[in-house]
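Chemist: here are the coordinates; sequence isn't available:
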Ligand code: C2O
């Protein structure tokens, strides 16, 4: 088992002033570095047939984002690209291409699908540069927002204030930056060359890399505005009990980072409810939160895609399936902060407006931190499969304006390693890391209750507008290595939806998630897509759950679906249990 960083008991370690790659060397698995070492070698070998030189293609101006497809397919690099280059190469379809900015349309939104009264589209530019990550001279450390100094708060507010004072048409100005989220998330862009298919950066494997790039440039712009290239955004440490309130610096009405459109019942000291169960006991809520973190980071996932989100390529309709972190804690924080007095939960509670609240970037700092923790800190005994080698993932591209207001094209493969991007996170202990629910001691009484519980074939498709129980056959008796699949989930994208899933749960206490029976969650932040409905699916790993409950010789389980919000907006096409497929075997490394 890879050893984890020493995690202090109740307090965070002090911020590292100048962490470097060697800092992570201590924590990361050696394979991470071996992979890097092999990559260059690999590229030289495999790319002879075509123009492979990734560096040479950097900083080359392309015409209106139309990039030579051969270049895109070849720029395989980064952590995830190394091992499977040959085997995935032929399998390639086409990666998602950056939007064509001058085809940006009016974003529609709101619960009725009416037009927004704002134009989310950025300024256009004829000159697009392929972005090259600059060399890292000094690592930035993103601090925990609950632990920052008065000097930091002052500087941060000054930067945001200057951003707000930039001319409205400056792509670096506050509203232009906020509108990036609106344009990429509310149907303003179509997929280039794909008719009217929306471009959408949520509910798929693009979720983490898109938002990483978004914060990356936002942070650089702020740093430039205050003449401090080491300025680092804060992160909202909502996965730690000490960070489970809105960070106090955001609720000072005089601050530039203040936003009045937030749920007034959720200001500090209200404890964030990542489960949105409505339980009012703060201690139970904290315990639920830690259980959710453990579940979405470790227990419920059997593959990289379960965490990252499902494949989304050129021609894929939106919403192929969000990863566990996106649909769980990420969604909950948006909706919990959004203002119920506003028509669509503005600001944080709806994608089109989320970027208008400075707290958004702090929230996404922690979302991004979760990706980093999952990549580099979770031992492979707990998370065996962390690699996505598909070139359609690695070569998916976005456009952003950089800190010099230059339009740049960036790719997923350049966003895989936060240290290469020049930033790290303050080390804070991870109290959820071993927050496994206690075993369920009572034997599940399926035989007793089962008589009233319908079988799976009799009730689907099903609108989840009330608590539903269903019997689902296992692939084998007893403790098998299995996944629960909720398939053909049709969602109304304009609504906040959340459904929790329990297995063999008989106590009906559905606001307590810290028990073995809690299997996972489906949830989404409201947003607009072309036809306001989308079909998706999720998979929840049952293997660890079985270890904590007595499934004896059972050949079926009872699944309970608990709608938390607007369950009538969500239809499930079916539920089944499948065997957990083995993780993909990496291609044999070159014998050098
Ligand atoms: Cu793009 Cu948290 O959303």
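Modeler: Looks like it came in fine. Predicted model, so just to flag it, every value in this text is computed and none were measured.

Chemist: flag the shaky bits of this protein, pLDDT-wise.
Modeler: Counting by pLDDT under 70, the low-confidence segments of the chain come to 1-92, 107-118, 442-451, 508, 529-531, 583-592.

Chemist: now do the contacts for the residue most central in space within it.
Modeler: By CA atoms, centre = their mean, the mean C-alpha position of the chain lies nearest to residue 326, the distance being 3.8 Å. Residue 326 sits next to 202, 203, 207, 208, 309, 367 when contact means CB atoms under 8 Å, 6 or more residues apart in numbering. In short, each C-beta sits where N, CA and C put it, glycine included.

Chemist: nearest to the ligand, of those?
Modeler: The nearest member of these to the ligand, counting by CB to the nearest ligand atom, is residue 202 at 5.6 Å.

Chemist: wait, that closest one sits on residue 185?
Modeler: Yes. Residue 202 sits in contact with residue 185 when judged by CB atoms under 8 Å, with a separation of 6.0 Å.

Chemist: which of the contacts of residue 326 sit farthest apart?
Modeler: The widest separation within the contacts of residue 326, taken as CB to CB, falls between 203 and 367 and amounts to 14.0 Å.

Chemist: among these two, which residue is more densely surrounded?
Modeler: Shown here are residue 203 and residue 367; by other CB atoms under 10 Å, residue 203 has more neighbours (27 against 21).

Chemist: tell me the domain ranges of the protein?
Modeler: Domain segmentation of the chain under automatic domain parsing yields 44-428, 446-579.

Chemist: since we're on the residue of the stretch 401-550 of the chain at minimum distance from the ligand, how many residues are nearby?
Modeler: Nearest to the ligand in the stretch 401-550 of the chain, going by CB to the nearest ligand atom, is residue 525, at a distance of 6.4 Å. Residue 525: 27 surrounding residues under other CB under 10 Å.

Chemist: and if you look at residue 490?
Modeler: Residues near residue 490, counting by other CB under 10 Å, number 16.

Chemist: and it, backbone torsions?
Modeler: In terms of degrees, to the nearest 10, the main-chain angles of residue 490 are phi -100, psi 130.

Chemist: is the closest residue to it other than its chain neighbours in a helix, a strand, or coil?
Modeler: Nearest non-adjacent residue to residue 490, counting by CB to CB, 6 or more residues apart in numbering: residue 571, 4.5 Å away. What DSSP: H, G, I helix; E, B strand; the rest coil gives for residue 571 is strand.

Chemist: show me what the helix or strand where residue 284 lies is packed up against.
Modeler: For residue 284, the host element (DSSP states H and E) is helix 282-294. Counting contacts by 3 or more CB pairs under 8 Å, 6 or more residues apart in numbering; DSSP states H and E, helix 282-294 is packed against no other helix or strand.

Chemist: just the buried residues of that helix, please?
Modeler: Neighbour-count burial for helix 282-294 flags 284, 285, 286, 287, 288, 289, 290, 291, 292, 293, 294 (criterion: 16 or more other CB atoms under 10 Å).

Chemist: now do the contacts for the fourth one.
Modeler: With contacts defined as CB under 8 Å, 6+ apart, residue 287 is in contact with 512, 513, 514.

Chemist: rerun at 10 Å
Modeler: Neighbouring residues of residue 287 by CB atoms under 10 Å, 6 or more residues apart in numbering: 241, 275, 279, 281, 435, 437, 512, 513, 514, 515.

Chemist: so the last one makes contact with residue 502?
Modeler: Meaning residue 515. Yes. Applying CB atoms under 10 Å, one finds residue 515 in contact with residue 502, separated by 8.4 Å.

Chemist: more neighbours: which of these two?
Modeler: Set side by side, residue 515 and residue 502 show more neighbours around residue 502, with 25 against 18, by other CB under 10 Å.

Chemist: any idea of the angle the helix or strand hosting that one forms with helix 282-294?
Modeler: With secondary structure defined by DSSP H and E, residue 502 is part of strand 497-503. Going by axes from the mean of the first three to the mean of the last three CA atoms, to 10 degrees, strand 497-503 is angled at 80 degrees with respect to helix 282-294.

Chemist: who does strand 497-503 pair up with?
Modeler: Here strand 497-503 is paired, per DSSP bridges, with strand 518-524 (antiparallel), strand 556-565 (antiparallel).

Chemist: what's the closest of those to residue 162?
Modeler: Closest approach to residue 162 among the strands paired with strand 497-503 (CB to CB): strand 518-524, 34.4 Å.

Chemist: so after the closest one, what's the next helix or strand?
Modeler: Downstream of strand 518-524, the first helix or strand assigned by DSSP H and E is strand 533-541.

Chemist: so for that next one, what gets flagged as buried?
Modeler: Counting neighbours by 16+ other CB under 10 Å, one finds that the buried residues in strand 533-541 are 534, 535, 536, 537, 538, 539, 540, 541.

Chemist: residue 330: which of those is nearest?
Modeler: So of the buried residues of strand 533-541, ranked by how close each gets to residue 330 (CB to CB), first place is residue 538, at 14.2 Å.

Chemist: tell me the bridge partners for that closest one.
Modeler: residue 486.

Chemist: quick one, what contacts it?
Modeler: Neighbours of residue 538 in contact, by CB under 10 Å, 6+ apart: 300, 306, 310, 321-324, 327, 483-487, 489, 499, 501, 520-522, 572.

Chemist: likewise for residue 399?
Modeler: Contact analysis of residue 399 by CB under 10 Å, 6+ apart lists 65, 97-101, 122, 125, 128, 131, 180, 184, 189, 213, 407-410.

Chemist: ok, 6 Å please
Modeler: 98, 409 (CB atoms under 6 Å, 6 or more residues apart in numbering).

Chemist: mean neighbour count, the strands paired with strand 497-503: which tops it?
Modeler: Among the strands paired with strand 497-503, the stretch with the highest mean neighbour count (mean count of other CB atoms under 10 Å) is strand 518-524, at a mean of 26.

Chemist: now the angle from that strand to strand 533-541?
Modeler: Angle, strand 518-524 to strand 533-541, by the same axes, to 10 degrees: 160 degrees.

Chemist: off-centre distance for strand 518-524?
Modeler: Centroid separation between strand 518-524 and its chain, computed with CA atoms, centre = their mean, to the nearest Å, is 14 Å.

Chemist: go on, stretch 313-324?
Modeler: Relative to the chain's own centre, stretch 313-324 is displaced by 13 Å; criterion: CA atoms, centre = their mean.

Chemist: all further residue positions should be reported with the first residue as 42.
Modeler: Renumbered: residue one is now 42, and that last one reads stretch 354-365.

Chemist: quick one: that stretch near the ligand?
Modeler: No. Stretch 354-365 is not in contact with the ligand by CB under 6 Å from any ligand atom; minimum separation 10.6 Å.

Chemist: now do the buried residues in that stretch.
Modeler: Residues 354, 355, 357, 358, 359, 360, 361, 362, 363, 364, 365 are the ones in stretch 354-365 that count as buried (16+ other CB under 10 Å).

Chemist: just put those residues in TSV and tack on secondary structure.
Modeler: Formatted as TSV, the buried residues of stretch 354-365 follow (three-state DSSP):
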residue	secondary structure
354	coil
355	coil
357	coil
358	coil
359	coil
360	coil
361	coil
362	coil
363	strand
364	coil
365	helix
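
Chemist: what would the strands paired with strand 538-544 look like in CSV with distance to residue 176?
Modeler: CSV is the format used below for those (distance: least, CB to CB, whole Å):
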stretch, distance to residue 176
strand 559-565, 39
strand 597-606, 46
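
Chemist: still on that earlier bit, can you list contacts of the strand holding residue 543?
Modeler: Strand 538-544 is contacted from outside by 317, 505, 532, 558-565, 586, 598, 600-607, 610-611, using CB under 6 Å, 6+ apart.

Chemist: please compute how far that strand lies from its chain's middle.
Modeler: 19 Å.

Chemist: in that strand, what's buried?
Modeler: 538, 539, 540, 541, 542, 543, 544.
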